[in-house]
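Peer 1: show me the folded form of this:
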Amino acid sequence: MLSRVASSIYWMSRYLERADNVTRFVKVNMHLILDLGLDQGNSRWESLINASGDQEDFKERYGTSDEKNVLYFLTFDRKNKNSILSSIERARENARSVRENIPSEMWESINQLHHHTQKHSRKRGIIDLQQFYTYIHKLGYMLAGYCDSMMLRDEAWHFLNLGRMLERADKTARLVDIKYFFLSARTQVQASSFDTVEWAAVLRSANSFEMYLKEYHVITQRDVTEFLICDSKMPRSVAFCVDSAAGSLAAIEEPVDSQTVAGKEMATLRTSLEHSNIDHIITNGLHEFIDIFQYNLNIVDEAIYKTYFHMSAQSPVNDVSLSSCISE
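Peer 2: Numbering: from 1, shown residues only. Here you go, the predicted model:
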């Protein structure tokens with residue numbers, strides 16, 4: 001496979017996953033505020049900016065983390081390269097360049113997604129955007145179905161899965177980090193039943209609420225963190241995503257006699273997770289653990305770029321490395 005084609009498939013997948021994850025974060029936060037009558041203070045909206053990793057850009061251009069600013073920045077701001085609109089535009093451009101390598105239904109759905117997003121880009125209010133986010137969410141499932149039920153398990157699929165899993169691992173880790181910090185900062189006096197509700201919202205953001213209850217029955221910070229970081233059976237956990245990404249990278253490397261730099265960095269990342277214990281992680285600092293994980297994830301991404309994409313003519317719709325979407 002040409003490195004240009006592999007790069008486009010990899011980044012198409014990452015951008016689609018990025019748009020889906022931002023939609024999940026916004027939608028769950030929105031339901032917490034509307035359905036439960038929670039305080040609509042700026043801190044609740046600011047946590048979404050922190051989860052995206054774009055705090056500096058947002059503060060420089062917007063200043064105030066209110067509903068209107070945050071929703072526009074995360075959804076329709078073209079200057080924000082990680083917004084839903086920007087991610088979908090870049091995913092479409094990459095998909096267009098590799099139409100012969102993906103199912104025609106997938107290309108048509110991405111194109112439809114692009115036009116639907118453009119159509120709604122003038123909307124600003126939380127009420128107006130509910131149906132839009134639901135649409136993005138459902139189409140994400142459809143695209144995932146096309147990938148997994150129609151594509152051959154060849155190099156194209158493995159590059160697609162590699163990008164999807166690395167992006168998902170990053171966003172799950174960031175979501176846990178931000179919410180853990182936000183809720184743990186409360187004093188015992190401030191703690192309330194809303195803590196349980198908000199951890200339930202974190203699980204819903206990762207599509208894992210029902211599966212969590214089957215495993216743990218009671219919602220606690222410690223158990224939610226273990227489920228989303230360490231549980232290799234949960235499809236959106238950090239451990240599962242890294243395992244899946246490592247499997248796809250191994251399949252791509254299979255014809256090669258020796259392990260590439262990308263393979264070695266991925267093995268290091270995977271080993272660090274396999275030997276992690278949640279109680280040890282929390283005792284030594286969850287934030288520090290996730291910081292190190294995301295730094296190592298960035299190293300893996302750069303190694304993949306140098307190993308497989310470096311010789312391709314990089315399109316302006318592709319990021320060169322994960323550092324553009326991870327704040328170190």
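Peer 1: C-alpha from now on. contacts and neighbour counts both.
Peer 2: Fine.
Peer 1: hey, where'd the helices end up in the stretch 51-200 of the chain?
Peer 2: Assigned helices in the stretch 51-200 of the chain, in chain order: 55-61, 67-75, 84-97, 104-119, 130-150, 155-184, 193-205 (criterion: DSSP state H, counting those that start in this stretch).
Peer 1: distance from stretch 141-153 to the middle of the chain?
Peer 2: 18 Å (C-alpha atoms, centre = their mean, to the nearest Å).
Peer 1: contacts for that stretch, please.
Peer 2: By C-alpha atoms under 8 Å, 6 or more residues apart in numbering, the residues outside stretch 141-153 that reach it are Ile102, Pro103, Glu105, Met106, Ser109, Ile110, Trp157.
Peer 1: need those in CSV with neighbour count, pLDDT and distance to Thr134, can you?
Peer 2: Putting the contacts of stretch 141-153 into CSV (neighbours: other C-alpha atoms under 10 Å; pLDDT from 0 to 100; distance: C-alpha to C-alpha, whole Å) gives the following:
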residue, neighbour count, pLDDT, distance to Thr134
Ile102, 20, 95, 25
Pro103, 14, 95, 24
Glu105, 14, 96, 20
Met106, 19, 96, 19
Ser109, 17, 95, 15
Ile110, 24, 97, 16
Trp157, 23, 97, 26
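Peer 1: return the member of these nearest to Thr64.
Peer 2: For Thr64, the nearest member of these is Ile110. The distance, counting by C-alpha to C-alpha, is 32.9 Å.
Peer 1: in PDB, list the C-alpha atoms belonging to stretch 230-237.
Peer 2: The C-alpha trace of stretch 230-237 is given here as PDB (Å, rounded to 0.1, in the frame of the first residue of the first chain):
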ATOM      1  CA  CYS A 230      -7.600  -1.000  32.900                       C
ATOM      2  CA  ASP A 231     -10.500  -3.300  31.800                       C
ATOM      3  CA  SER A 232      -9.300  -5.000  28.600                       C
ATOM      4  CA  LYS A 233     -12.800  -6.400  27.900                       C
ATOM      5  CA  MET A 234     -14.400  -3.000  27.600                       C
ATOM      6  CA  PRO A 235     -14.300  -1.700  24.000                       C
ATOM      7  CA  ARG A 236     -13.700   2.000  24.900                       C
ATOM      8  CA  SER A 237     -11.300   1.400  27.800                       C
END
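Peer 1: one step back: farthest pair in the contacts of stretch 141-153?
Peer 2: The two members of the contacts of stretch 141-153 with the most space between them (C-alpha to C-alpha) are Ser109 and Trp157, at 17.4 Å.
Peer 1: how close does the residue lying closest to Asn111 once chain neighbours are set aside sit to Trp107?
Peer 2: The shortest distance from Asn111 to any residue that is not its chain neighbour, by C-alpha to C-alpha, 6 or more residues apart in numbering, is 6.3 Å, and that residue is Arg92. The spacing between Arg92 and Trp107, counted by C-alpha to C-alpha, to the nearest Å, is 8 Å.
Peer 1: ok, those two, which is more surrounded?
Peer 2: Applying other C-alpha atoms under 10 Å to Arg92 and Trp107 shows that Arg92 carries more neighbours, namely 23 against 20.
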